[in-house]
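Colleague: Build me a model from this:
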Amino acid sequence: MATRSTRPRWKRIVFKPSGEALAGASGQGLDGETLDATAREIMAVREMGVDVMVVVGGGNFWRGRQGAMAGMDATQSDHIGMLGTVMNSLALQDALERAGQITRVQTAIEMPRIAEPYIRRRAMRHLEKGRVVIFAAGTGNPFFTTDTAAALRAAEMDADAMLKGTHAGVDGVYDADPRKVPTAKKYDEISYLEVMTKDLKVIDATAIAFCRDNKIPIVVFDMSSPGALQAILRGDSVGTIVRDPVS
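Modeller: Residues are numbered from 1 along each chain as shown. Below is the predicted model:
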């Protein structure tokens, strides 16, 4: 990990909180206090001069695989999940703007009455004006996770890193599920290839491969830990960083 610095280690990030992380302890729906706390964390990073983009999951409302396993058409089920990410994005936008941070939501599926369509140049302009941009509806395509959407937006928007916030107290990448295996080993740093070959499930394999191809480091951390986002940007050893080994 980089040594601690007063300057942020990255100037532009994609923050990828899970949908369940916005739901608080229940893991379902939305929790107002959690939304407000997440908004404060994002604003603290903005105060460091960092451009912030957000891609939110939708698992607190719907998981496409659950619908498909119940007999629903998989594409239809994934589209429902995309709408869940839109609800989360609008809720986070509200929390940010109530706290004083101007925000824009852009969706991969057009719904102009409630959000802008995703247009890369317009999103870039929002960042130049100091706005937080929230990308909703994943990639707009079924069979791709919001992890992959976050990796895609990070590459398109020239982000320096992708920060994936987990929930339920998992504070990084482990060689086994630490909630089930007390002796699970946590990695401070691990390569993209190791995550894929060891089949570590914390990040979607497609997103890992995409970040590897585009040289985008990923930090996996527990977003319920206060100040974690700022600590990562300062260069503190928080969570697990996924990247190619430094030669």
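Colleague: which regions of the protein lie under the pLDDT threshold?
Modeller: 1-6, 68, 168-169, 246-247 (pLDDT under 70).
Colleague: looking at it, which residue lies furthest from center?
Modeller: Centroid-distance maximum for the chain: residue 71 at 29.0 Å, with CA atoms, centre = their mean.
Colleague: Give me the longest helix you can find in the chain.
Modeller: Secondary structure of the chain per DSSP state H: the longest helix is helix 74-98.
Colleague: Could you check it and say which residues are buried?
Modeller: 77-79, 81-93, 95-96 (16 or more other CB atoms under 10 Å). (Each C-beta comes from the backbone N, C-alpha and C, glycine too.)
Colleague: now the angle between helix 74-98 and whatever helix or strand comes next after it, please.
Modeller: Remark: after helix 74-98, the chain's next helix or strand is strand 103-107, criterion DSSP states H and E. Orientation note: strand 103-107 sits at an angle of 170 degrees relative to helix 74-98 (axes from the mean of the first three to the mean of the last three CA atoms, to 10 degrees).
Colleague: Tell me the helix or strand right after strand 103-107.
Modeller: strand 116-117.
Colleague: Please name every helix or strand in contact with that next one.
Modeller: In terms of contacts (3 or more CB pairs under 8 Å, 6 or more residues apart in numbering; DSSP states H and E), strand 116-117 is packed against strand 103-107.
Colleague: so what strands line up beside the strand it packs on?
Modeller: Sheet pairing for strand 103-107, assigned by DSSP bridges, gives strand 116-117 (parallel), strand 132-136 (parallel).
Colleague: What segments of the protein are helices?
Modeller: 32-46, 64-69, 74-98, 120-128, 146-156, 192-197, 205-213, 228-234.
Colleague: Now find how far off-centre the second one is within its chain.
Modeller: The reference is to helix 64-69. With CA atoms, centre = their mean, to the nearest Å as the basis, helix 64-69 stands 22 Å off its chain's centre.
Colleague: what does that helix contact?
Modeller: Contacts to helix 64-69, defined as CB atoms under 8 Å, 6 or more residues apart in numbering, come from residues 74, 76, 77, 78, 80, 81, 142.
Colleague: thinking again about what came up before, quick check: angle from the longest helix of the chain to helix 146-156?
Modeller: Using the same axes, to 10 degrees, helix 74-98 lies at 60 degrees relative to helix 146-156.
Colleague: ok, the nearest residue to residue 49 once chain neighbours are set aside - contacts?
Modeller: Counting by CB to CB, 6 or more residues apart in numbering, residue 49 lies nearest to residue 8, which is 6.6 Å off, once chain neighbours are set aside. The contact partners of residue 8, taken as CB under 8 Å, 6+ apart, are 45, 48, 49, 50, 233, 234.
Colleague: By neighbour count, which of these wins?
Modeller: Counting neighbours by other CB atoms under 10 Å, residue 233 comes out on top of these with 24 neighbours.
Colleague: Just to check, that one is in contact with residue 47?
Modeller: No. Using CB atoms under 8 Å, residue 233 is not in contact with residue 47; the gap is 10.6 Å.
Colleague: The residue lying closest to residue 48 once chain neighbours are set aside and residue 171, how far apart?
Modeller: Closest residue in space to residue 48, ignoring its immediate chain neighbours: residue 8 at 4.9 Å, by CB to CB, 6+ apart. Residue 8 sits 21 Å away from residue 171 when distances are taken as CB to CB, to the nearest Å.
Colleague: just residue 234 next, same as before
Modeller: Distance, residue 234 to residue 171, using CB to CB: 17 Å.
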